[in-house]
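Visitor: sequence unknown, structure follows:
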């Protein structure tokens, strides 16, 4: 029988979500990012769904999307490497072939859904904004 996972009080908790087993997302180019997988890719399915927590000053890696990515900012502010800022309640949909590195000065929690994996592109990564570098100190 398929499993049903329920995370109660997501909106009422202030997105602290301390009862979840967050793990550090350790990949080259990432700093401080944590995730909680909702589902992971399998032999027959490439998609992944996860809650992602960016503490203040954290950033992801620079990568290309091989499929769509949907990001819903549940709490905080997230900065795109193209200069856009997203705040609580913003829904972002990235098409296949887009590149980005997400970062935050204040911290953020997002729901992220990817239809296919990403391809890291560290050699093409733009410089991190000074605000992110300062927040890391």
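Guide: Received it, and whenever you're ready, just let me know what you need. For clarity, every value in this text was computed on a predicted model and none was experimentally measured.
Visitor: Report the contact partners of residue 111.
Guide: 49, 50, 51, 52, 70, 71, 72, 74 (C-beta atoms under 8 Å, 6 or more residues apart in numbering). In this view, the C-beta of every residue, glycine as well, is placed from N, C-alpha and C.
Visitor: tell me the secondary structure for residue 134?
Guide: Look at residue 134: counting by DSSP: H, G, I helix; E, B strand; the rest coil, its state is helix.
Visitor: what about this structure, any weak spots by pLDDT?
Guide: 1-2, 7-16 (pLDDT under 70).
Visitor: ok, and what's touching the top strand by length along it?
Guide: Using DSSP state E to define each element, the chain has its longest strand at strand 69-80. Contacts with strand 69-80, where a contact means C-beta under 8 Å, 6+ apart, come from 10-11, 14-15, 51, 54, 85-94, 100, 102-115, 118, 129, 131-132.
Visitor: And residue 92, how far from residue 60?
Guide: 13 Å (C-beta to C-beta, to the nearest Å).
Visitor: Pick out whichever of these two has more residues nearby.
Guide: residue 60 (23 against 17; other C-beta atoms under 10 Å).
Visitor: ok, that one - contacts?
Guide: Per C-beta under 8 Å, 6+ apart, neighbours of residue 60: 25, 29, 30, 33, 54, 101, 102, 103.
Visitor: Of these, just the buried ones, PyMOL syntax please.
Guide: To isolate the buried members of the contacts of residue 60 in PyMOL, using 16 or more other C-beta atoms under 10 Å:
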select buried, resi 25+30+33+54+101+102+103
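Visitor: Filter the contacts of residue 60 down to just the ones in strands.
Guide: Reading strands off the contacts of residue 60 with DSSP E, I get 54, 102, 103.
Visitor: Residue 83 should be in a strand, yeah?
Guide: No. Assessed with three-state DSSP, residue 83 is coil; it does not lie in a strand.
Visitor: Before I go, just wanted to say thanks for your time.
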